[in-house]
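> Kindly return the folded structure for what I paste below:
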Amino acid sequence: MVGLGNPGQRYARTRHNVGFRVADALAQTWGLPGWRGAFGGHAQDARPTRGGVERRVVLLKPHTFMNCSGQAVKGLAAFYKSDPSELLIVLDDMALPLGRLRMRASGSAGGHNGLADVLRHLGTDEVPRLRVGVGAPALETDAADFVLSPFEADESSIVERAVAQAARAVEDWVFNGAAYVMDRYNRKPDDQEVETCRSNNNGSQR
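Here you go, the predicted model:
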């Protein structure tokens, strides 16, 4: 799993660094000890388990800066001899409403320079990706300035929930695959709440 972002405190809480935040959330959830320098970034090696099944997952936060993310991802894939379909790129998306998630198993970069560089270095668009909506800039705001700006105070709680949900989606991808994640997470928030309510009630109308 590769979370895209930019290194350094200057960018830590910006919209462009949602991928880093999801990687950090997973590291905390899985109780990982600390990040190590590897593949032009920081990496962690995890062994999450679910239902008695263990998976090996490498988390990577490239420190090559967003527009050169492909260098680090290609190095990671080459070292582990991984097929592009075994990678999951987590990134921000201005085209999605704040807090929305969208999983795809393949496709174009959709105007995201970091993802475009990853696809270019891997030589394919058959790379799974999980997009996290960060909202759209106002008409008079430059897109580059917008993604490099921090979230507003009234957006913070939505972002925190989205990061936590994205981390759960990554874990679901690890154990259940892309189709499962697309079916469960590519919905409007109100649709997800209805499904959660149904699951909790097990169909009971009492």
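> dump the residue contacts of Asp172.
180-181, 184-185 (C-beta atoms under 8 Å, 6 or more residues apart in numbering). Using the backbone N, CA and C atoms, a C-beta is placed for each residue, glycine as well.
> helix or strand right after the helix or strand harbouring Gly19?
Secondary structure from DSSP states H and E places Gly19 in helix 18-29. Where DSSP H and E defines the elements, the next helix or strand beyond helix 18-29 is strand 36-38.
> Give me the buried positions along the following helix or strand past that following strand.
Using DSSP H and E, the helix or strand that directly follows strand 36-38 along the chain is strand 41-46. Along strand 41-46, these residues count as buried under the neighbour rule (16 or more other C-beta atoms under 10 Å): 41-44, 46.
> quick one: strands adjacent to strand 41-46?
Strand pairing for strand 41-46, using DSSP bridges, gives strand 36-38 (antiparallel), strand 57-62 (antiparallel).
> May I see the buried residues of the very next helix or strand once past the last one?
The reference is to strand 57-62. As assigned by DSSP H and E, the chain's next helix or strand after strand 57-62 is helix 69-80. The neighbour-count check on helix 69-80 (16+ other C-beta under 10 Å) flags 69-77 as buried.
> Make JSON lines from those and add distance to Gly133 to it.
What follows is the buried residues of helix 69-80, written out as JSON lines (distance: C-beta to C-beta, whole Å):
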{"residue": "Ser69", "distance to Gly133": "19"}
{"residue": "Gly70", "distance to Gly133": "23"}
{"residue": "Gln71", "distance to Gly133": "27"}
{"residue": "Ala72", "distance to Gly133": "24"}
{"residue": "Val73", "distance to Gly133": "22"}
{"residue": "Lys74", "distance to Gly133": "27"}
{"residue": "Gly75", "distance to Gly133": "29"}
{"residue": "Leu76", "distance to Gly133": "26"}
{"residue": "Ala77", "distance to Gly133": "27"}
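> nearest to Gly110, of these?
Ser69 (14.7 Å; C-beta to C-beta).
> Check the gap between that closest one and Val127 for me.
12 Å (C-beta to C-beta, to the nearest Å).
> Overlap of the contact sets of the two?
Listed as contacting both Ser69 and Val127 by C-beta under 8 Å, 6+ apart are Val118.
> Tell me which residues of the helix holding Gly19 come out buried.
The neighbour-count check on helix 18-29 (16+ other C-beta under 10 Å) flags 18-27 as buried.
> Please apply the same query to stretch 80-87.
84, 87.
> what do you get for stretch 96-104?
96, 98-104.
> And the helices in this protein, which stretches?
18-29, 69-80, 113-122, 143-147, 156-176, 178-185, 189-201 (DSSP state H).
> just checking, which of those comes out with the lowest mean pLDDT?
Sorting these by mean pLDDT places helix 189-201 lowest, at a mean of 49.
> Go ahead and flag the most central residue of the protein.
Val90 (2.3 Å; C-alpha atoms, centre = their mean).
> ok, so of the contacts of Asp172, who is nearest Leu60?
When those are ranked by distance to Leu60 (C-beta to C-beta), Val181 comes first, at 19.1 Å.
> check contacts around the residue nearest to Ala167 when sequence neighbours are not counted.
Of all residues not flanking Ala167 in the chain, Ala25 sits nearest, at 4.1 Å (C-beta to C-beta, 6 or more residues apart in numbering). Contacts for Ala25 were tallied using C-beta under 8 Å, 6+ apart; they are 163-164, 166-167.
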